[in-house]
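Peer 1: Everything below, folded, please.
(chains A, B, C and D)
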Protein chains: 2
Amino acid sequence: MRAIAREAGVSHMAPYHHFADKAALIAAVAEEGFRVLTEEMSKRIAARGDDPRAALRASGIAYVVFAVTRPHLFRVMFGAEVAGMSGDDYPGLSEAGSATFAVLQGQVERSQDEGTVRQADSRSIGLTAWSLVHGLAMLIIDGHFGPEAMHPEGAEQLAYEVTGGVYRGLRESE
Amino acid sequence: MRAIAREAGVSHMAPYHHFADKAALIAAVAEEGFRVLTEEMSKRIAARGDDPRAALRASGIAYVVFAVTRPHLFRVMFGAEVAGMSGDDYPGLSEAGSATFAVLQGQVERSQDEGTVRQADSRSIGLTAWSLVHGLAMLIIDGHFGPEAMHPEGAEQLAYEVTGGVYRGLRESE
DNA sequence: GGCAGAATCTTTACACTGTCAAGATTTAGG
DNA sequence: CCTAAATCTTGACAGTGTAAAGATTCTGCC
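Peer 2: Numbers count the residues shown, from 1 in each chain, chains lettered A, B, ... in the order given. Predicted structure coming up:
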């Protein structure tokens, strides 16, 4: 808090007139982060509007690229403090988070409607897609995939490969 | 640090005679966490020794169950502080982390040898498997999948479902 | 234009944190 | 038993989040 006030060139108590406490500030930052993430995923989907399954994959790649581009923000969004916040106390944050997931989920359902993704439980497929890109993003920014993966190009390449393996399995089969 | 000392019933500086500083203590905790995780995954693999691909899946489920059972430890292991630690400064931690991933990776390769997983780049498949269970674990303990998923049984069920979708896609095809 | 009330900011103070420095006590081996 | 290492303690310091009280600046209405 004090560092933020310092950076803004203001007394150390000034931020408290805009945010109730440290948690409220963190919640606001995270909420904004979710909005930006939602937007970036939507943009990539729009760019591939003709092929829902390719758009789904593209939105997953956008998720990973976002994390690598703004690792600190991503960590705030999915850090312990935010995880401990009740949806009742921070409804804006809660809603922004849900909206992000809804983008992925909606794209799964569109692909099912189109027939390029099998008709299994859509929620389960959505969770799988989300888990995959979330884990990849986290592991990359934690440094577990080496420094090359921490640049946007490296991350995009890796996300492309990793989503590809699952992408295959999404098709109708049996 | 002071809370830890307090809990141990000792002066606030006593811990510093066992750990250089807060970072070193966190590193030690995380390292121990990785060892336990490695062990629990190995145990589940051993219980399914006859079917490598089923054992791979079981090790992933063990990963998720571990995270749900010890969410705070899991968060330390994959938190910002540990991510910022150089492998040169904390070789034990670095090695323990690699060992955990090696369990998953080894199981992928065993399944490929046996023929139940396709012969694509094993590293890429390993990364996919790790990302999937890691993301699932993180999202569950962040509360994004609801409170039911935060109990070991709920988490195991969810991990079973989610890994199932990918499990299908691992088979030889084309 | 002037003024009330709201919005914004400041100063001071407090309990708490991680860590340095210096000394005291306990423990183990020759 | 005595020495040296291991372990613990007390005291201090700068930094943190935040409560309380007061000062300043802005805004909308007579």
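
Peer 1: of all of chain A, which residue lies closest to DNA strand C?
Peer 2: Nearest residue of chain A to DNA strand C (CB to the nearest atom of the strand) works out as residue A:11 at 2.8 Å. Yep, even glycine has a C-beta here, placed from its N, CA and C like the rest.

Peer 1: How about the contacts made by that residue?
Peer 2: residue A:5 (CB atoms under 8 Å, 6 or more residues apart in numbering or on different chains).

Peer 1: quick one: secondary structure of it?
Peer 2: For residue A:11, the secondary-structure state derived from DSSP: H, G, I helix; E, B strand; the rest coil is coil.

Peer 1: Tell me the spacing between the nearest residue to residue A:94 once chain neighbours are set aside and residue B:135.
Peer 2: Closest residue to residue A:94 apart from its sequence neighbours, by CB to CB, 6 or more residues apart in numbering or on different chains: residue A:87 at 3.7 Å. Separation of residue A:87 from residue B:135 (CB to CB, to the nearest Å) stands at 21 Å.

Peer 1: between those two, who's got more neighbours?
Peer 2: residue B:135 (25 against 13; other CB atoms under 10 Å in any protein chain shown).

Peer 1: What sits closest to residue A:129 if chain neighbours are left out?
Peer 2: Excluding its sequence neighbours, the residue lying closest to residue A:129 (CB to CB, 6+ apart) is residue A:104, at 5.6 Å.

Peer 1: ok, now which ones touch that neighbour?
Peer 2: Counting by CB under 8 Å, 6+ apart, residue A:104 has contacts A:41, A:56, A:59-60, A:63, A:126, A:129-130.

Peer 1: so it is in which element?
Peer 2: Per DSSP states H and E: residue A:104 is located in helix A:91-114.

Peer 1: Could you do residue A:127 as well?
Peer 2: helix A:122-141.

Peer 1: Summarise which helices and strands that helix is packed against.
Peer 2: Counting contacts by 3 or more CB pairs under 8 Å, 6 or more residues apart in numbering or on different chains; DSSP states H and E, helix A:122-141 is packed against helix A:52-69, helix A:71-77, helix A:91-114, helix A:152-170, helix B:122-141, helix B:152-170.
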